[in-house]
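Student: show me how the following folds:
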Amino acid sequence: MRLTAFISREQSPSSPFTILLAPHGWQVSGMSLVQIKPLSVSNVPAAEWWFFSSKNAVKHFLPGRNLPPLVRIGALGEATAAEIEKVIGRLPDFTGNGDPEGTAKAFYTLAKKQNVLFPGAVNSLQSVQSLLNGQVNGTHLQVYDNTPIPDPPDMTAVNALVFTSPLNAQAYFAKFAIQPAQKVIAIGASTTKALQDMGIGPVFTAASPDERALAAMVISLFTS
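Tutor: This is a model prediction of the structure:
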């Protein structure tokens, strides 16, 4: 029987998650379980740094905006950094490893006591900003709204459920329960914690917050 996986992220034929699982006979379906709505931003607080924790934050804040000459740009991880490069034509001044805790520690060495703007979602966990509380002067700026979709697809028959954010996990398990034979995989610590807080377990966390690591985790869990 062919194995099936659902990932809470849109997939294309070139998506690493789909590409890496295909040779192992997996059928992959993917979609975001979160609705995104851009917000109008008129007043941007002065800051030495603009720090982005997601591609959506970049997409809904940077395009068409004049970058003040002295502002430096930070990114949580490589995917966000790549999105920044698309918009401004260069990589950010700081790129973390995708893990909020490790990224916060590294970013602190550059931004200690400076003013840092964190453009993000209405329902953001503000993980990096919270970890840096008192160490930088952080301001969360809401640039897009993110809410769970009302009718997530029924994936109770798939073998692997892969969640790429806490809100995606909450959207799914608000409607459906985990099935005995299913494996649940999380992209990182924040998503793992959200799943555990909902009573979901065991949860398997990818070695790094990217689709390649997610695919590797899926393969390892189902390889005897």
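
Student: in the longest strand along the chain, what counts as buried?
Tutor: Counting residues, the longest strand found in the chain (DSSP state E) is strand 137-148. Buried residues in strand 137-148, defined by neighbour count with 16 or more other C-beta atoms under 10 Å: N137, G138, H140, L141, Q142, V143, Y144, N146, P148. For every residue, glycine as well, the C-beta is placed using N, CA and C.

Student: check stretch 189-208 too.
Tutor: By 16+ other C-beta under 10 Å, the buried positions in stretch 189-208 come out as 190-195, 198, 200, 203-206, 208.

Student: now for the residues you listed: which two are most distant?
Tutor: Across the buried residues of stretch 189-208, the longest distance by C-beta to C-beta is 23.5 Å; it joins M198 and S208.

Student: and the pLDDT at L125?
Tutor: At L125, the model reports a pLDDT of 84.

Student: who's in contact with it?
Tutor: The contact partners of L125, by C-beta atoms under 8 Å, 6 or more residues apart in numbering, come to P166, S190.

Student: could you rerun that using 6 Å?
Tutor: Contacts were defined as C-beta atoms under 6 Å, 6 or more residues apart in numbering; by that measure L125 touches S190.

Student: report the secondary structure state of it.
Tutor: With DSSP: H, G, I helix; E, B strand; the rest coil as the basis, L125 sits in coil.

Student: just confirm I73 contacts F94, I think it does.
Tutor: No. Contact criterion C-beta atoms under 6 Å: I73 and F94 do not qualify, at 7.5 Å.

Student: ok, the two, which is more surrounded?
Tutor: Counted by other C-beta atoms under 10 Å, I73 and F94 do not tie: I73 has more neighbours, with 22 against 19.

Student: name the residues of whichever strand or helix holds V87 that are buried.
Tutor: Secondary structure assignment for V87, by DSSP states H and E: helix 78-88. Within helix 78-88, the residues scored as buried using 16+ other C-beta under 10 Å are E78, A79, T80, A81, E83, I84, V87.

Student: you'd agree the last one is up against G64?
Tutor: Pointing back at V87 there. No. With contacts counted by C-beta under 6 Å, V87 stays clear of G64, the gap being 9.1 Å.

Student: and H60, what does it touch?
Tutor: Each residue near H60 by C-beta under 6 Å, 6+ apart is listed here: P38, V143, Y144.

Student: try it again at 10 Å.
Tutor: Residues in contact with H60 (C-beta atoms under 10 Å, 6 or more residues apart in numbering) are 36-39, 41, 54, 119-121, 142-145.

Student: in stretch 143-162, what counts as buried?
Tutor: Neighbour counts over stretch 143-162 (16+ other C-beta under 10 Å) mark V143, Y144, N146, P148, P152, M155, V158, N159, A160, L161, V162 as buried.

Student: can you put those residues in a markdown table and add distance to D99?
Tutor: A markdown table is the format used below for the buried residues of stretch 143-162 (distance: C-beta to C-beta, whole Å):
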| residue | distance to D99 |
| --- | --- |
| V143 | 23 |
| Y144 | 23 |
| N146 | 21 |
| P148 | 24 |
| P152 | 27 |
| M155 | 27 |
| V158 | 27 |
| N159 | 27 |
| A160 | 22 |
| L161 | 22 |
| V162 | 18 |
